[in-house]
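[1] Predicted structure and sequence below. I'll ask about it afterward.
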Amino acid sequence: MTPTCGLLGLSRVDGGRDDALIFTGARGGILRRSNFRRAAKWDENTRKIGFPGLHFHDLRHTGNTIAAGSGATLRDLMERMGHDSVRAALIYQHSTAEADRKIANAMDDTITQARPRGS
């Protein structure tokens with residue numbers, strides 16, 4: 001799956017096309033793994049934005065961690081990542097205090113609704 005500009009809030013760059021590429025070659029084409037770092041001037045640009053040493057895969061990990069935290073299922077994550085393995089998707093299912101709070105609140109709501117009135 002190619003990230004879309006609408007998903008990433010980049011509509012100001014390309015008019016909001018759903019199939020827009022974020023990084024492109026000199027003629028607007030898809031960059032390949034073999035030429036990505038050089039063509040995107042990755043090291044130079046990550047330094048400019050204050051993230052020297054940032055790896056492209058860090059973006060993938062962050063995006064999928066955010067997706068998992070939003071309530072995406074393992075199947076959703078597998079589809080986003082293009083993986084057939086549940087094990088790969090589980091990497092992004094980090095336990096967080098926020099998730100624990102949501103679970104506790106949902107359990108409390110369920111119990112409260114199931115209680116007989118007046119008890």
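    Done, it's in.

[2] CA only for contacts and neighbour counts going forward, please
    Fine.

[3] Where do the helices of the protein begin and end?
    Listed in chain order, the helices of the chain (DSSP state H) span residues 5-8, 11-14, 36-39, 42-48, 56-69, 74-81, 86-90, 97-114.

[4] what would these look like in CSV with distance to residue 27, mean neighbour count and mean pLDDT?
    CSV is the format used below for those (distance: least, Cα to Cα, whole Å; neighbours: other Cα atoms under 10 Å; pLDDT from 0 to 100):
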stretch, distance to residue 27, mean neighbour count, mean pLDDT
helix 5-8, 18, 14, 40
helix 11-14, 15, 12, 52
helix 36-39, 11, 14, 88
helix 42-48, 18, 14, 92
helix 56-69, 21, 15, 86
helix 74-81, 27, 16, 89
helix 86-90, 34, 15, 85
helix 97-114, 44, 11, 86
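
[5] and residue 25, which of those is closest to it?
    helix 36-39 (6.5 Å; Cα to Cα).

[6] Geometrically speaking, which residue is the centre of the protein?
    Centroid-nearest residue in the chain: residue 63, 1.9 Å away (criterion: Cα atoms, centre = their mean).

[7] Break the protein into its domains for me.
    The chain breaks down by automatic domain parsing into domains covering 1-54, 55-119.

[8] Skipping its backbone neighbours, what lies nearest residue 65 in space?
    Excluding the flanking residues, the one nearest residue 65 by Cα to Cα, 6 or more residues apart in numbering is residue 92, at 4.9 Å.

[9] what's near enough to touch that neighbour?
    By Cα atoms under 8 Å, 6 or more residues apart in numbering, residue 92 lies in contact with 61, 64, 65, 68.

[10] Quick one: residues in contact with stretch 26-39.
    Taking Cα under 8 Å, 6+ apart as the rule, stretch 26-39 contacts 21, 23, 24, 25, 42, 43.

[11] Just give me the closest of these to residue 83.
    Lowest distance from residue 83 to these (Cα to Cα) belongs to residue 21, with 20.9 Å.

[12] With that, I have no additional questions.
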